[in-house]
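>>> After the sequence you'll find the predicted model.
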Amino acid sequence: MPQLPAPDYPADVRARLEADARELIARYPDSRSALLPLLHLVQSEEGYVSRTGIRFCAEMLGLTTAEVTAVSTFYTMYRRKPSGDYQVGVCTNTLCAVMGGDAIFDELKRHLGVGNGETTEDGKVTLEHVECNAACDFAPVVMVNWEFFDNQTPESAKQLVDDLRAGRDVEPTRGAPLCTYKQTARILAGFPDERPGAVEATGGAGPASLAGLRLAKGEAGPGRVVSPRSSHSVPSGGTPADEPPATHPSSHDAPQKTSASDPQHPAGPVTEEGEE
């Protein structure tokens, strides 16, 4: 059966959202440019971008629901189904992974009893892996509703989600105080964070982020850089100085093997379908 048109919001909700939407649209010379903030706005109402929210955005901007759906499904910050009050995103990109992000994600899945993109039964926590939290110098990093929790371990991450589920106060490593996903969505839509002290608490870069800047200003001595080619360079006499190293200097840096394509991995190398 063809899908029926999405229902509208209740009249009072519709009136409130329309007022907010007009304020957002007025900020742009072309109304369709307001689509991204409007999607955050409807997400702040229901916790995800529903069919009703898509219909609302389309009607406010003079777009088709297909156009709005195409945008809402392209960006990962827009949820496609009801989820928890706290979105716990574990970075599993390269640096965080080798520093323990994969172990954190696996442990949280076991601890919470959910898989990627799933929500705990109490509706508090939605767990997902993310490709990069843009905080590599604090790896491994976990984000809760886009606030940073740096230098995590499996144990600290488990304590974090337990505190969230129990309603205990949780403070990000840096940034604004934590709020619910719906509240976060409204802030991302472009409305001010009116919580006392929230704006002042946004903080700045940490010591790891500023190391390069300190070096550039001459506030610390330059680091010693060792090139893998330096040990077998050819001096002026024309004969090689030393044999090249047996392995690349960083070949053993990772604390654990995480690549399923590694022949030494316990699971063995990944093969194409149909290969032995």
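Structure received.
>>> contacts and neighbour counts: CA atoms only from here.
OK.
>>> can you pull out the helices in the stretch 101-250 of the chain?
Assigned by DSSP state H, counting those that start in this stretch, the stretch 101-250 of the chain shows helices spanning 102-112, 154-166, 181-189, 207-216.
>>> Could you list the buried residues of the first one?
If you call a residue buried by 16 or more other CA atoms under 10 Å, then helix 102-112 has these buried ones: 102, 103, 104, 105, 107, 108, 109, 112.
>>> Return the closest of the residues you listed with respect to residue 25.
residue 105 (38.9 Å; CA to CA).
>>> quick one on the thing from earlier: dump the buried residues of helix 102-112 to JSON lines, plus pLDDT and distance to residue 124.
Converted to JSON lines, the buried residues of helix 102-112 look like this (pLDDT from 0 to 100; distance: CA to CA, whole Å):
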{"residue": "102", "pLDDT": "93", "distance to residue 124": "22"}
{"residue": "103", "pLDDT": "94", "distance to residue 124": "22"}
{"residue": "104", "pLDDT": "95", "distance to residue 124": "19"}
{"residue": "105", "pLDDT": "95", "distance to residue 124": "17"}
{"residue": "107", "pLDDT": "96", "distance to residue 124": "18"}
{"residue": "108", "pLDDT": "96", "distance to residue 124": "14"}
{"residue": "109", "pLDDT": "96", "distance to residue 124": "14"}
{"residue": "112", "pLDDT": "96", "distance to residue 124": "11"}
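>>> quick one: which of these is nearest residue 13?
Looking across these and measuring by CA to CA, the closest to residue 13 is residue 112, at 33.9 Å.
>>> The closest one: what's it in contact with?
Residue 112 makes contact with residue 120, according to CA atoms under 8 Å, 6 or more residues apart in numbering.
>>> distance of it from residue 162?
From residue 112 over to residue 162 the distance is 9 Å, taken as CA to CA, to the nearest Å.
>>> I'd assumed residue 86 was in contact with residue 180.
Yes: assessed by CA atoms under 8 Å, residue 180 is found in contact with residue 86 at 6.0 Å.
>>> Which one of these two is surrounded by more residues?
A side-by-side neighbour count of residue 180 and residue 86, using other CA atoms under 10 Å, places residue 86 first with 25 against 16.
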